[in-house]
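>>> attaching a predicted model along with its sequence, questions to come.
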Amino acid sequence: MLTLIKKIFAKKKITQEVVPAVENRNPNFVTDPSKVIHLLSAIEADTAFCTIELKNSDEIYTSHIIEVQAAKQQILLDALVPNSGNELLRQCKELKLTTHLNNIHLSIAITNITPAESLGEQYFKAPLPERIYYPQRRTSPRISISAYNLTFQGTSNRTNFTVGGIVCDISRGGIGLIISSSNSRLMRGDLLKNCTLTLPNKINIHFELLIRSSKPYSNSRTKLLIGGHFDQLKSPKEQNQLEQFFALVERSQIRQKKDY
């Protein structure tokens, strides 16, 4: 069923510009509309099945996000399994969807759900959720690499400003940056696109960076300390080069600790 419905709703490139909103003060929730769409699209692409809970049932169901339609501000959900949940969903018109993304538990309350049908296949549609519970936690220790003087550059999807800086630490999942605060205007939840990290020997790594923290650097009024998570590394080759560099600095740090 899922394959047929996906053929019916062929994926379209998202071109609609979404007006950004200030992130919810609770860091466990993503509320910026562009980030909500980004996470939903990642779930659609990376997650085979999601767990579904209904308020009028104690049973656990499964489903899948068929398509994220940004232009229409809605998502399409596959019919529930087992089938008994579909009639209950038609009655209550809301559900709780849970899954894991990047090894992090994620939860979404989806409301105002309506049934739909195409070529005899049942599915559901609903407005985009206003927020997603996504408590992003660092899963790999960061290692200071200020001595390498590595450079970084990326473009904010919210402001379209290009920002550059020096990489101060790195982990397998992300980096810490020191950048000028004069024109960056970066905040938690922003996505930096077209990022380039230049490793030693002029090796360039291309990716997107999801900002997790932004604060003044060492009480400076002109610099920011930015922490971000790697997203969409452009190629397996570059991912392998980045992993090799991290392993190198990790071994170097271990040797330094043994010397003391």
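Good, I have the coordinates.
>>> any idea whether Gln153 is helix, strand or coil?
For Gln153, the secondary-structure state derived from DSSP: H, G, I helix; E, B strand; the rest coil is strand.
>>> would you mind measuring from it to Gly176?
Gln153 sits 15 Å away from Gly176, taking CB to CB, to the nearest Å as the criterion. Yep, even glycine has a C-beta here, placed from its N, CA and C like the rest.
>>> which one of these two has more residues nearby?
Legend: neighbour count by other CB atoms under 10 Å for Gln153 and Gly176, higher for Gly176 (23 against 16).
>>> excluding sequence neighbours, find me the nearest residue to the more buried one.
Closest residue to Gly176 apart from its sequence neighbours, by CB to CB, 6 or more residues apart in numbering: Asp169 at 4.1 Å.
>>> residue closest to the middle of the chain?
With distances taken as CA atoms, centre = their mean, the chain has Leu39 as the residue nearest its mean C-alpha position (4.9 Å).
>>> and the pLDDT for Asn112?
Listed pLDDT for Asn112 reads 97.
>>> state the three-state secondary structure for it.
Secondary structure state of Asn112, per three-state DSSP, is coil.
>>> residues near it, how many?
Neighbourhood size, Asn112 [other CB under 10 Å]: 10.
>>> same question for Lys93.
Around Lys93 there are 15 residues (other CB under 10 Å).
>>> what sits against the residue nearest to Phe49 when sequence neighbours are not counted?
When the adjacent residues along the chain are set aside, Phe49 lies closest to Thr62, with 4.6 Å between them (CB to CB, 6+ apart). The contact partners of Thr62, taken as CB atoms under 8 Å, 6 or more residues apart in numbering, are 49-52, 80-81.
>>> out of the residues you listed, which sit inside strands?
By the criterion of DSSP state E, membership of these in strands covers 50-52.
>>> perfect, that will be all.
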